[in-house]
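**Student:** Sequence and predicted structure are below.
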Amino acid sequence: MQDILIHARDFGSHTLAAEFGVRLAARSGAAVTAVYAAPEPVYVAPAFEPELMSAIMENTRELVRQAVQARQRFVEWANSLGVVQAEWLVAQGDPVDALTQAATRHDLMVLDHGDDTQGSPWDIPGLILKAGCPCIVVPRRAELPGPFERIAIGWNGSPEAMRAVHSALPFLQGKQVLLLWGEERGKYQGVEWEPPFNVHDYLQHRGVAVEQRAVDAGHDDVGAELLKEATRFRADLLVMGAYGRTRFSEWMLGGATRHVLAWSEIPVLLRH
């Protein structure tokens with residue numbers, strides 16, 4: 001993890017994602033980039049409300065100006081915590097679009113929820129599906145991270161789960177790892193392999209000692225069961241794939257992923 005991207009929802013204070021991501025970068029020797037997305041001005045037909053339009057545009061320019069000025073504070077704060085290379089970028093536009101573009105040049109993205117209600121109000125699911133890089137979502141009441149020592153993996157044999165496992169390898173080696181083995185989906189799409197792929201062997205060959213536990217739950221209960229088993233294991237990170245219910249609705253995360261996003265009390269690493 002050489003380059004970590006953070007969604008900074010606020011330029012006046014350090015959000016959970018910023019606190020978590022900067023400290024993770026310091027421990028990993030990684031560079032960090034924080035992105036603040038300033039909202040685009042609401043369109044008002046100038047023929048009818050010229051004064052209102054002018055005020056909105058001026059407020060937007062002032063917001064962007066203040067956000068740009070926050071760069072030095074962020075960089076100095078990140079440096080004080082041990083991050084050698086830190087950057088602060090301001091985008092004007094939709095946060096999902098801005099972060100999706102920035103994600104193309106980063107190894108990991110750190111997100112948080114943004115308010116005190118359950119769910120993912122600013123479209124974390126849509127961002128995870130579009131970003132193309134692994135994402136760590138920080139829970140609402142997260143403690144500042146120490147090294148991940150106990151890591152649970154939700155495994156169902158899907159390409160998304162495999163991508164998540166592969167992305168998590170820098171965190172897994174030398175740690176206590178629990179593989180939560182659920183019902184496997186169709187893995188190979190018409191290709192036969194001999195011998196068949198075994199994720200347990202894949203991890204062991206890469207120096208990851210794995211304990212395995214079966215997850216027996218109905219489709220609507222998988223998310224709750226994953227959280228239950230991760231809590232029982234005392235995990236400080238959960239790794240899982242992010243995927244839609246069908247190929248025709250991949251814009252919408254499946255129920256298990258949404259449940260975990262809404263209710264997890266530990267960070268979750270997801271990848272589509």
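**Tutor:** Sure, I can see it.
**Student:** Identify the residue spatially nearest to residue 33, adjacent ones excluded.
**Tutor:** Leaving aside its chain neighbours, residue 33 sits nearest to residue 87 (4.5 Å; criterion: CB to CB, 6 or more residues apart in numbering). For every residue, glycine as well, the C-beta is placed using N, CA and C.
**Student:** Burial check on residue 170, number of neighbours?
**Tutor:** 13 (other CB atoms under 10 Å).
**Student:** So which elements touch the helix or strand where the residue nearest to residue 33 lies?
**Tutor:** Element membership for residue 87 (DSSP states H and E) is strand 86-92. Helices and strands touching strand 86-92, by 3 or more CB pairs under 8 Å, 6 or more residues apart in numbering; DSSP states H and E, are strand 31-38, helix 50-69, helix 71-80, helix 95-103.
**Student:** Between strand 31-38 and that strand, find me the angle.
**Tutor:** Relative orientation of strand 86-92 with respect to strand 31-38: 20 degrees, computed using axes from the mean of the first three to the mean of the last three CA atoms, to 10 degrees.
**Student:** can you give me the strands for the protein?
**Tutor:** Taking DSSP state E as the criterion, the chain contains strands spanning 3-7, 31-38, 86-92, 108-112, 135-138, 150-155, 176-181, 210-214, 237-241, 268-271.
**Student:** you'd agree residue 209 is up against residue 173?
**Tutor:** No - in this structure, residue 209 sits apart from residue 173 without contact. The criterion is CB atoms under 8 Å, and the distance is 9.4 Å.
**Student:** still on that earlier bit, make JSON lines from the strands of the chain and add mean neighbour count, distance to residue 164 and mean pLDDT to it.
**Tutor:** As requested, those are arranged in JSON lines below (neighbours: other CB atoms under 10 Å; distance: least, CB to CB, whole Å; pLDDT from 0 to 100):
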{"stretch": "strand 3-7", "mean neighbour count": "25", "distance to residue 164": "17", "mean pLDDT": "97"}
{"stretch": "strand 31-38", "mean neighbour count": "23", "distance to residue 164": "22", "mean pLDDT": "95"}
{"stretch": "strand 86-92", "mean neighbour count": "18", "distance to residue 164": "26", "mean pLDDT": "96"}
{"stretch": "strand 108-112", "mean neighbour count": "27", "distance to residue 164": "12", "mean pLDDT": "96"}
{"stretch": "strand 135-138", "mean neighbour count": "25", "distance to residue 164": "10", "mean pLDDT": "95"}
{"stretch": "strand 150-155", "mean neighbour count": "25", "distance to residue 164": "8", "mean pLDDT": "96"}
{"stretch": "strand 176-181", "mean neighbour count": "21", "distance to residue 164": "12", "mean pLDDT": "94"}
{"stretch": "strand 210-214", "mean neighbour count": "13", "distance to residue 164": "15", "mean pLDDT": "92"}
{"stretch": "strand 237-241", "mean neighbour count": "27", "distance to residue 164": "5", "mean pLDDT": "95"}
{"stretch": "strand 268-271", "mean neighbour count": "26", "distance to residue 164": "4", "mean pLDDT": "95"}
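**Student:** will you turn these into a markdown table that also has distance to residue 73?
**Tutor:** Formatted as a markdown table, the entries for these read as follows, by distance: least, CB to CB, whole Å:
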| stretch | distance to residue 73 |
| --- | --- |
| strand 3-7 | 14 |
| strand 31-38 | 11 |
| strand 86-92 | 8 |
| strand 108-112 | 19 |
| strand 135-138 | 21 |
| strand 150-155 | 33 |
| strand 176-181 | 38 |
| strand 210-214 | 43 |
| strand 237-241 | 29 |
| strand 268-271 | 28 |
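**Student:** Dump the C-alpha coordinates for the strand holding residue 87 into CSV.
**Tutor:** Once non-C-alpha atoms are left out, strand 86-92 reads as follows in CSV (Å, rounded to 0.1, in the frame of the first residue of the first chain):
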residue,chain,number,x,y,z
ALA,A,86,1.0,14.1,2.1
GLU,A,87,-1.2,16.0,-0.4
TRP,A,88,-4.6,17.8,-0.2
LEU,A,89,-6.7,18.2,-3.3
VAL,A,90,-9.9,20.1,-3.8
ALA,A,91,-12.4,19.1,-6.5
GLN,A,92,-15.7,20.8,-7.4
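**Student:** in its sheet, what does it sit against?
**Tutor:** Applying DSSP bridges, strand 86-92 is found paired with strand 31-38 (parallel).
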